[in-house]
Structures are given as C-alpha cells and as structure tokens.
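Participant: Here is a sequence with its predicted model. Questions after.
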Amino acid sequence: MVKVAPAPVQPGGGNKMPSDYVSQLHYKHARVVEPESTTDDGMKRLKDVGDKGTLITAAELGLVDKYRDLKRAGQEILTCDWPYHYSSILYACYGNQYKILQMIEREFVTSNEELTHMHTTRCWVGKNSAMVAAYQGHLETMLYIIDLDMQGKFTEDLFKQHDVMGKNAMMWAASQGHTDTIEVLLVRSLYRLLPEDCSDPLVLKTRWKLVSLLADLASHCRDYDPACSRRFFQEVLASIKYDPIEGAKLEEAAAEGGGISAREGAALHEPTWAVDDGEEEERRNAIKASDLVSKSAPSVAGGKTASGKPRDSGSGAVKLKDVHITVRTLQGVIVSAYRAGMNCMGVIMYCQSLLQQARYFDDLVAQLTAWEVKLLDTCRNKQEVQAILAPTEDDPSEPVGYALATFDKAFLSHKFVQQIFTEKWDTMGVTDYTKSLFGVLWGGFALVMAFAGWAAICPIVVVARSFLSPVQEFMMRGKVIVDSRFPWHVPLYRWLLTQCTLITFTVLLSYLVFSFDVTDPVGASVAPLNTFLAVWCVAVLVDEAQEYVEEGRAEYMSSGWNVMDISMALAYILHYILRIIAVRVTDNINILLVVNDLLAAAALLAWFRMVSVFELSSAIGPLIQMMKQMLIKDVTRFAVLVVVILLGFSVGMQALFQEACVERDPTTDECTKYTSWGYDWQKDGLVGGMTFLQYIALGNANPVDFEQKRVTGIIFYLIFAVVTAVLLLNLFIAMLADTYTRVSTQALVEFRYRKAKIMASYSRRDFVCPPYNLLHLACAAIGNTARRLVWGPDGFTPVTMRKNETVPLFSWYFPQGEEMRQVVILQRRVVDDFLTSNRVALFREKLNAELPNLVHEMLKQKGTGAGAAPGAAGTAAAANSTALLATAVSMTAAGRH
C-alpha cells in the first residue's frame, strides 16, 4: 500500500482542527511519500516494472550499481522488450535516469559510432533517445543528450531524425507542452546555427552565452560517480575560445561613467513567467539584472560567472519562472550570425520556423515576422532587395526558396518580393494585353494559335531531343536568363499552356457527356474519345505522382488543386473501366448507374478545376482564396454538426413511426400491421430518413406525416424545425459572414502568397505537361539508355526525367567578381541600417517599460534622503538619486538617437 503524507500541522502546534476545505483539498490530492532507499528492495513503484533482474528495469529505476553488475554478467545494453522494442537506453530516458546514460557512455562505450548506434536504436514507433526524453519532458536527460551532441559524440543528428509519424524531438516536446524542454532544444538549435569555425569575438561570446545558459539549467545535475565533480557542458565551454572574465572587464570599462553600466543602473531585466508584484520587487532589490543568457553562467576557469564572481555553491535549482528565449536573445543570435557572414534574412526565417515548430512562442514569431517586413522595408529599391536575398560565397543559402518551403506568407506577399517575381514571370509582356478590350481579343487569338502550334510541335520536339543531343542543348538555352527568344522557359507561357490543356480536357469531357446517345450500338459506348481521355487521366496521375515525389508531402498537400486533379482522374478512369465491363455484361443496369455517377463526378471536378484559371486575377483571385477558407474552416465544421443532428433525428423518427402489431393470430402467430400514421414516411433505412429530413429542413417536403401522431409527431417536428431551419441555418450564415469579414482583410496577402507560389513553381517546371508527359518519359528513358550504350555516360547531353528543373530561381543569384563585391557592400549597408534601427526600437521599448520603475526608485530614495539626518546618509541618498536621474537622462538621449 502506498504511503500518504500526513495532514499539514497547524501553526503553533495547537489542537485546532483544519477546516473542511483544507481537509478535502489535502486528502483529495494526497502527496505520495518518496521511498527512503533507492535500492531494489526499497524502491516502491506505482506501476509494475516487470522482472527486476534485467538491464531494462535497472535503467528505468536508476539502479547504477545493479546495472553495472548485470552488464558485466553478460546482458546486452540493446536488448529490447516486447512489444514496444524499448532498449535499456530508451528506458533510462523514459525514467529520467541520466546517470545510467553517463555510466554507459564512460564505462561501456568504446567509440562514437557505438554510442550513436545505442541512442539511435528505435522503438516500435521509431523514437530515438532524444524523442523519448522530449516526449516525457525530462529536462535533465535532455540536457545530457544535448551535451553529448555538442561535444560531437554522435555521428548522426538525433534531433533531425523523425519517427514513423513524422515527428522529431522538438515536435514531441511541443505536442506534450513541455516548455522547459522546448527551450533547451531551441537553445541547442540556436547554438548549432552559429558556425563553429568563426573567430569573431561577438560570435564566440554568443555561443558561450548559449552554452552557459544550458550549463546553468543543468547545474543541479550530479555525476553518477559521487567522487567526480564533473558538470554538464564543461567540455563544450572549454572548446569555445572565449574568456568571460576578460569580456566582462571590457564591457565594464566601456560602460559610460566608469561605474556600472546603464543597463544595470536602470535595473533592466528580462520578462518572467508567473511572477507577481511582490516577488518581482524582492527580486529587483536582491540582485542587479543582467542579460539573461549571461546570468549565473559558469566559467571554465574556477567556476565563476560571466562577471568574474564566484558561483554560489548552493544555487542549483532550475529557475522555471525565467523566460530563456527572449527578443534580446534572438537579436543577439541574429547579429552574431550576420557577423559570421550569414544571410540576415535567412537567419530570421530559420529562427521563425524553429519557434513555429515549438508552438508556444507566438509573440516571438510575430516579432520575427515584423523583422522580416522591416528588413524589406529598409530597402529603397529592387537592387537592395536583391542584395539582401542573393546567396554569397560565405552563405549560399536561398531565403526565397526557404520562404517557399516554410510557407512564409508575410515575406512572399511583400511588394518588393512580388516585384522581383514579376520581373521573371512575364518577360514576353503578355499581361500588357489585358489593359484594353482590343488587347484581350488579340491576346486571346494569339494564345489560341500558340497553343495549337505547341500541341502540334511538342511531340516532335520531345522525340527529337530524346535522341539528338544538339536539339537538347538548344532546348536548354535560356534557362537562367529568361527572355522572349526562348518562350518555353518563360514561366507565364508555361502556366498558360497548362491552363489551356485543362480547358481543352474540360471541353472534351463536356462534349463526351452531351454526345452520348443511348440508341448507339453497344460497341459505340466506348468511343475513341473515351479512350483518349482515359489515357490523358493516366498522364495526369503520373504527373501528380512525380510532383509528390519531387516536392514532398507537405508542399504537395498545401495545394487543394492537386487533390482535385487526383480525384478527377481516378473518377474518370474508374468510369472508363466500368463502362467496358458494362458493355460485356447483359444485366448491366447497376453498373451503368455507377458509370454515370462517376462520369458526373469527373465532369463536376473538371469544371471546379477551371476556377484555377482565374487564380492570378487581381479581381477574382482574392475571392477564390476566401471561398477556399470558407469551405475548409466553415462548411466542413458545419457539415459535421449537421450530419450528427440528422443522424439523431433519423433514428428517432424511425423509432417513432415503427409499424405496430394491432392484432396477432394465435394459430399462425402472424401479425396485422398498422401503418396509417406513417403512410408516406421514408422506409429506406438511415440514409433515406436523413434525406427525408433534409427535404423537410429545406421546405421541400410535406410535414403532414408528423400529424398522424398528434402529440409526439408534432413535438419532434417542431424541435427539428427549430434546430435546423432556425438555429443551424442562422448559425451557418453567421459563420460565413464572420469568416468573410476576417478573411477579407487577409485576402490580398493570401492572393499574393498564392501568386508567388505559382510563379516560383512554373519557373522551375518543364514545358511538357499532360498528356505529352507520358511520351516524354518513355522517349527520354529509351533515348538516354541507347545513347549511353553508344556514346558512353559522358558522350551526350541526357534528357532529364524530372518534372521540375534544377536551376536557380533568379538570374541575379551568384554574382561574380566586382559585381559580387558590390552586392556584399550593398547588403552590409542595408542590414546594418536594419540592425541599428532594430536595436534602437528594442532599447526604447525596454526604456518605456522600465522608466516608471526608475522614477519610483528615484522618489523612494529622495524620500529616504529627506527623512534622514543631515550627514553621510543624506549625501549618499542624494548621490544615488542624482546617479539614477543621470542614467534616465542618458538612456532617453540614447533612445532618441
């Protein structure tokens, strides 16, 4: 039986009985008494730990000595249980027994490869040791794994691995709400962001601060060997060539006035979680706040803090109320990364994606989004935008591509980003034809002629380039610097070709529907047009499969048009197959009905797909985005509620109008049924009942049937009418109106974001689209194989079989020579202006937050000086007030500058 802690003793030791509230609250949530012994016999667990003679149990319970004895007796560390496939490593992480992991790493591991293999041995759902610790929220175990990772003990990145559900360690910690574990994972990611080979003092200081923060959070952790004084992250701190004592002296010497810094004098502090006014006042009076990442950070030499003062030996508890990931922390990391030669915009995007993955930092995500927009607004023209986005030799990252991969709508919808996309989108000036009626007519005629020419020439070009290298080399020209000489590389022309093929397919499908005649011979039921459209749908499925493989699941599923394409193609192919079966079967009425249903679904989806033709229209495009939001967020939720209500009333009505046995023959046991009260009730089961009720809700059915039961029938009908026709209908209208009001303000952003996605997609897409992609894939495979056999692997230019081309997104990427130097100079000037304005804005925000407290402190010290006797005390109070006033004035002046 588990021991329960006794009731709380009353102050003073009296016999006063606790109140009923105290007694109920205490015994309802009784605290479990921890066992006095941690040995196997003294361990009292609240769950069944199984056989206590195995490494798995010893690891979960933290029995260091027993684990060592069992391992030396011959048991294997990676022996897994059934059916969860947890090894002793995973059970140690599950039980927060980091000391077991320490002993295994120091006593039983001979190489980094062996240690990595132990920590990457997965359980039945694919979790490694980091995922298990993150899922359980065990901070100490996670800190130890991070320490091993920072030391380079792992040959693989445990934190980038995903399980069978597609989650990594950060996602599991976020899904369970373990904010302390999330923060240490974020600190680890920010540390990994900064290059290790950079010798810039600011970069070294930032890396040292981040590791010091982790060391401070792990200061309460102890070594498995009591005689060892080793602490977490000592080796990592020693590897960073930064002296915190010397750095603190330089900062103090640079502080204005030769004394304490302006920040310390104003008692600036980082925000905290759940700190009331009394605790905050005590905290301010007790310590001088400094940068959060440098507070109480252990030094390599002598166990000192960043300021050079010795560490208090009793301070070991984790300060859960402190927010460790703050705006100032992110600002320091971004500035340090920029000093290390990294792209500032890319670093901001990376930090933003990390915080979005962590879920619980919406305010910081909004701040980083504002910094993105602010950095773009700092630019004065398109050249400066290109400068801050262009990859360089030091940092070949691509911010635009990263924004596309992370669905960064604020960045992609910015006017400058839209401008640089438009530059490559329409190099032929096609959009100029839309400014007048004559231009629209002329542009439409030219488009029809161009599409007809492409439809006739495309098969010849596909076959020729698959077997003749000169044709392929000519078709590859103009991929980077796109102009009107090579129209097949112009993104707008590719998009127009795709939309024209969609329109052609829809028109042919509609013609097939209206040209069908039931009096035609049986053989004419499967016309050549049916077969041609079926082959076209197969080509669509192949094209969608290629897009899914090349772009990934997240990117592919982000567009609803892809799902519609697959549904349309599958519906028509099934219709085609069943139509062939129906021709050969005599009794085919049921099959023909299904054939017609599938053909109707394919035709409806094809016409719905035609809406995408207007997606780039500034007048209709935002409306399409609003319709998509309404369908996804409102109609889907409302449909679930309607289905549940209809199911309930359908079952109730079925029971209400059941047939009654009014007379039973005693000899034959046959029953005379009475059905007069439900003579017109739908008796087709659950679906029929729901259909009938839906007709009543829409006012298209006669509710006289309910009157056959004078009381219950009328009551059921009135309840159904009020719930559906009044409540649900008005609720649905209110939901749509609210969504329209909310989404209309963001419709332009959604439209620009979708426009940027389309522009980027067709900038890399091949000009061959269904149904010619089947011919392209077949000819390319045969041609490449034949030429490789004849000319060898290096004797010809192969034809790529990918749907998307591997080319730079913009022509101004990767400048060379003097152009590169000018780009770097321009980039530094813009980013320096942004960082300066950002620093001033943060300073002013902090000043506005702390100025009332500063004035309060001044008035308090002034009152103390006035009430004291003239002498040293009054002089000291006056000096302090003067110093505080001077600090406030200096900070205000700095904020204005």
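Facilitator: Here it is on my side, so go on.
Participant: Figure out the helix or strand that Phe411 lives in.
Facilitator: helix 409-412 (DSSP states H and E).
Participant: which other residues reach that helix?
Facilitator: 349, 369, 372-373, 376, 399, 403-404, 417, 749-750, 752-753, 756-757 (C-beta atoms under 8 Å, 6 or more residues apart in numbering). Every C-beta, even on glycine, is put in place using the N, C-alpha and C of the backbone.
Participant: rerun that using 10 Å as the cut-off
Facilitator: Identification of contacts with helix 409-412 by C-beta atoms under 10 Å, 6 or more residues apart in numbering yields 345, 348-349, 352, 366, 368-370, 372-373, 375-376, 389, 399-400, 402-404, 417-418, 421, 746, 749-750, 752-757, 759-760.
Participant: Met342 versus the residue positioned nearest the centre of the chain, what's the distance?
Facilitator: The centroid of the chain falls nearest to Gln357 when counting by C-alpha atoms, centre = their mean (5.0 Å). In this structure, Gln357 and Met342 are 20 Å apart, going by C-beta to C-beta, to the nearest Å.
Participant: Same question for Thr378.
Facilitator: Distance, Thr378 to Met342, using C-beta to C-beta: 18 Å.
Participant: same question, Tyr433
Facilitator: Going from Tyr433 to Met342 by C-beta to C-beta gives 43 Å.
Participant: now swap in Gly177 and tell me
Facilitator: 32 Å.
Participant: do the same with Arg380
Facilitator: 23 Å.
Participant: Looking at those two, which is more packed in?
Facilitator: Between Arg380 and Met342, counted using other C-beta atoms under 10 Å, Met342 has the larger neighbour count: 22 against 11.
Participant: re the thing from before, from the contacts of helix 409-412, list just the buried residues.
Facilitator: With neighbours counted by 16 or more other C-beta atoms under 10 Å, those contain buried members at 345, 348-349, 352, 368-369, 372, 375-376, 389, 399-400, 402-404, 417-418, 421, 746, 749-750, 752-757, 759-760.
Participant: Which of the residues you listed fall in helices?
Facilitator: 345, 348-349, 352, 368-369, 372, 375-376, 389, 399-400, 402-404, 417-418, 421, 749-750, 752-757, 759-760 (DSSP state H).
Participant: where in the stretch 151-300 of the chain is pLDDT low?
Facilitator: Applying pLDDT under 70 to the stretch 151-300 of the chain flags residues 247-300.
Participant: all helices of it, in order?
Facilitator: Counting by DSSP state H, counting those that start in this stretch, one finds helices in the stretch 151-300 of the chain at the ranges 169-176, 179-193, 201-217, 234-239, 244-254, 262-265, 277-286.
Participant: what's the following helix or strand after the last one?
Facilitator: In this case it means helix 277-286. Next helix or strand after helix 277-286 toward the C-terminus (DSSP H and E): helix 327-339.
Participant: Enumerate every residue touching Ser618.
Facilitator: Per C-beta under 10 Å, 6+ apart, neighbours of Ser618: 748, 751-752, 755.
Participant: helix/strand/coil for it?
Facilitator: Three-state call for Ser618 (DSSP: H, G, I helix; E, B strand; the rest coil): coil.
Participant: what about it, distance to Phe407?
Facilitator: 22 Å.
Participant: before we move on, what about Gly621?
Facilitator: Going from Gly621 to Phe407 by C-beta to C-beta gives 18 Å.
Participant: who's more crowded, those two?
Facilitator: Taking neighbours as other C-beta under 10 Å, Gly621 and Phe407 compare with Gly621 leading, 19 against 15.
Participant: That one contacts Glu750, doesn't it?
Facilitator: Yes: in this structure Gly621 lies within contact range of Glu750 using C-beta atoms under 10 Å: 8.8 Å.
Participant: tell me the contacts of Cys351?
Facilitator: So Cys351 contacts 186, 189-190, 193, 325, 329-330, 333-334, 337, 361, 364-365, 367-368, 371 (C-beta under 10 Å, 6+ apart).
Participant: mind checking how far Ile457 is from Tyr772?
Facilitator: In terms of C-beta to C-beta, Ile457 sits 11 Å off from Tyr772.
Participant: Those two: which has the busier surroundings?
Facilitator: Between Ile457 and Tyr772, counting by other C-beta under 10 Å, Tyr772 is the more crowded of the two (18 against 10).
Participant: The more buried one contacts Trp454, doesn't it?
Facilitator: Yes: the pair Tyr772 / Trp454 is scored as a contact, 9.3 Å apart, by C-beta under 10 Å.
Participant: Give me the common contacts of the two.
Facilitator: 461, 501.
Participant: Surely Cys661 forms part of a strand?
Facilitator: Yes: Cys661: assigned to a strand according to three-state DSSP.
Participant: Kindly provide the distance from it to Thr668.
Facilitator: In this view, Cys661 and Thr668 are 13 Å apart by C-beta to C-beta.
Participant: What about Asp69, how many residues nearby?
Facilitator: By other C-beta under 10 Å, neighbour count at Asp69 equals 12.
Participant: what helix or strand is it on?
Facilitator: Using DSSP H and E, Asp69 sits in helix 64-72.
Participant: before we move on, what about Val440?
Facilitator: helix 437-467.
Participant: least confident pick among the contacts of Cys351?
Facilitator: Least confident of those in the model: Ile325, at 88.
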